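Asker: Need coordinates for the below:
(2 chains)
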There are 2 protein chains.
Amino acid sequence: MCRNITAEARESLLGQKGCVIWLTGLSGSGKSSIANQLEVRLHSMGKSVYILDGDNVRHGLNSDLGFSDEERVENIRRIGEVAALFADAAIITIVSFISPFRKDRDMARKKVPAGRFFEVFVNASLNLCEERDPKGLYKKARRGEIPDFTGINSPYETPISHELEVDTGALSIEESADKIIDLLTKKRILCAE
Amino acid sequence: MCRNITAEARESLLGQKGCVIWLTGLSGSGKSSIANQLEVRLHSMGKSVYILDGDNVRHGLNSDLGFSDEERVENIRRIGEVAALFADAAIITIVSFISPFRKDRDMARKKVPAGRFFEVFVNASLNLCEERDPKGLYKKARRGEIPDFTGINSPYETPISHELEVDTGALSIEESADKIIDLLTKKRILCAE
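Answerer: Model (predicted):
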């Protein structure tokens, strides 16, 4: 059955364009902090924004998935599909997952209309991330307690087709969020037309 | 990491409360027509509303799932989880799936805060649904071409804890949508406070 209300109509109502801001980077690179800062800033501008991250996805939709290679691929596949639904609902959707593999990120990109997917490489050196170690995961991984931990014993595939890179070794969280908002403004995401 | 922007803040921004309107009923009972009518009406009232149905879920998020008992349970589980995310994003979320099993619908209900789940039994007799047969599925099922077709060779468990019943044998699509909007108004879903 065809829909009466289009994505464009929803965008007009909200005065913004639905999109996916896909934050990828090592654990400790600053993805969550940037996601939160971005959410606060966009919300205060009156924009409808929603974060998809481990907190609300890993324990819910993807609670049946473990950390095998296959399950990691399926984890990102589902997140990409859900992000696409949110974008179709005209929401500015922030995805915050390590998402270490290019192929998986590219698959997520294909689920949304052209120009509505912003891959943001949250870049910080492994040394810096390991120094920060906000969740103590690197220590655990170094002790061999986490198999396949990205950056330690599982690869992180650096983005090559990303829309933006934020170097959190050089930029503050606020400055990183600024750069993303500048991009969204330039791409006319923060207005409906 | 705790969130700075709460569900309540998102609701204030949109002037509505996030919720799930779960339409359940036989194929041909009128779920899709009611979902579409409801979407048009709520959108024209300036409300942010989104439909989750076979069109956007079965071919995307749940494209890996077939129609075995296990896969049907997983289909509804994922839809319940995604609907809960949308409701958390302050969206009025319309779910339109046969969802024949009580246990699965109850599981979806548990994913959203109390008072934010509206199970709507879209009721029409099997005879009437079979007469309408909008997709020609009953004919196929009667010819034995669809195994486990709800109402023919697979049971439909009539709701017992639903918030509303609309009898589409007696009510028009418009009248059915009216009843749902009345319920949402009474439950103060269409305002933020």
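
Asker: Give me the angle between the helix ranked longest in chain A and helix B:69-88.
Answerer: For chain A, the helix reaching the highest residue count under DSSP state H is reported as helix A:69-88. For helix A:69-88 against helix B:69-88, the angle between stretch directions is 40 degrees (axes from the mean of the first three to the mean of the last three CA atoms, to 10 degrees).

Asker: tell me the average confidence for helix A:69-88?
Answerer: The average pLDDT within helix A:69-88 is 95.

Asker: Give me the residues contacting it.
Answerer: Counting by CB atoms under 8 Å, 6 or more residues apart in numbering or on different chains, helix A:69-88 makes contact with A:7, A:18-20, A:22, A:50, A:52, A:57-58, A:61-62, A:65, A:93, A:95, A:97, A:99, A:101, A:104-105, A:107-109, A:111-113, A:116, A:148, B:50, B:52, B:56-57, B:60-61, B:64, B:78, B:82, B:85-86, B:89, all of which sit outside it. The C-beta positions use only the backbone N, C-alpha and C, and glycine is treated the same way.

Asker: Which of those residues fall in helices?
Answerer: With helices taken from DSSP H, the overlap with these comprises A:7, A:104-105, A:107-109, B:78, B:82, B:85-86.

Asker: What is the most widely separated pair among these?
Answerer: Spatial extent of the ones in helices among the contacts of helix A:69-88 (CB to CB) is set by the pair A:A7 and A:D104 at 24.3 Å.

Asker: Comparing those two, which residue is more hemmed in?
Answerer: Neighbours were tallied for A:A7 and for A:D104 using other CB atoms under 10 Å in any protein chain shown; the higher tally belongs to A:D104 (21 against 16).

Asker: Just give me the neighbour total for the closest residue to that one other than its chain neighbours.
Answerer: Using CB to CB, 6 or more residues apart in numbering or on different chains and skipping the chain neighbours, the partner closest in space to A:D104 is A:I76 (4.0 Å). Summarising burial for A:I76: neighbours were counted as other CB under 10 Å, giving 24.

Asker: One more: A:G115?
Answerer: For A:G115, the neighbour count with other CB under 10 Å is 12.

Asker: which parts of chain A sit against chain B?
Answerer: Counting by CB under 8 Å from any CB of the partner chain, the residues of chain A close to chain B are A:1, A:3-5, A:9-10, A:13-14, A:32-33, A:36, A:39-40, A:43, A:46, A:48-52, A:55-57, A:60-61, A:64, A:74, A:78, A:81-82, A:84-86, A:88-91, A:111.

Asker: Would you mind checking those for buried ones?
Answerer: Neighbour-count burial (16 or more other CB atoms under 10 Å in any protein chain shown) is assigned, among the residues of chain A next to chain B, to A:5, A:9-10, A:13-14, A:32-33, A:36, A:39-40, A:43, A:48-52, A:56-57, A:60-61, A:74, A:78, A:81-82, A:84-86, A:88-91, A:111.

Asker: Among those, which lie within strands?
Answerer: Of the positions in these, A:49-52 sit in strands, assigned by DSSP state E.

Asker: I'd like the residues you listed laid out as TSV, including pLDDT and distance to B:S172.
Answerer: Putting those into TSV (pLDDT from 0 to 100; distance: CB to CB, whole Å) gives the following:
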residue	pLDDT	distance to B:S172
A:V49	98	38
A:Y50	98	35
A:I51	98	41
A:L52	97	38
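
Asker: For the residues you listed, give me a markdown table that also has distance to B:V122.
Answerer: Formatted as a markdown table, the entries for those read as follows, by distance: CB to CB, whole Å:
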| residue | distance to B:V122 |
| --- | --- |
| A:V49 | 33 |
| A:Y50 | 29 |
| A:I51 | 33 |
| A:L52 | 30 |
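
Asker: Many thanks, I have nothing further to ask.
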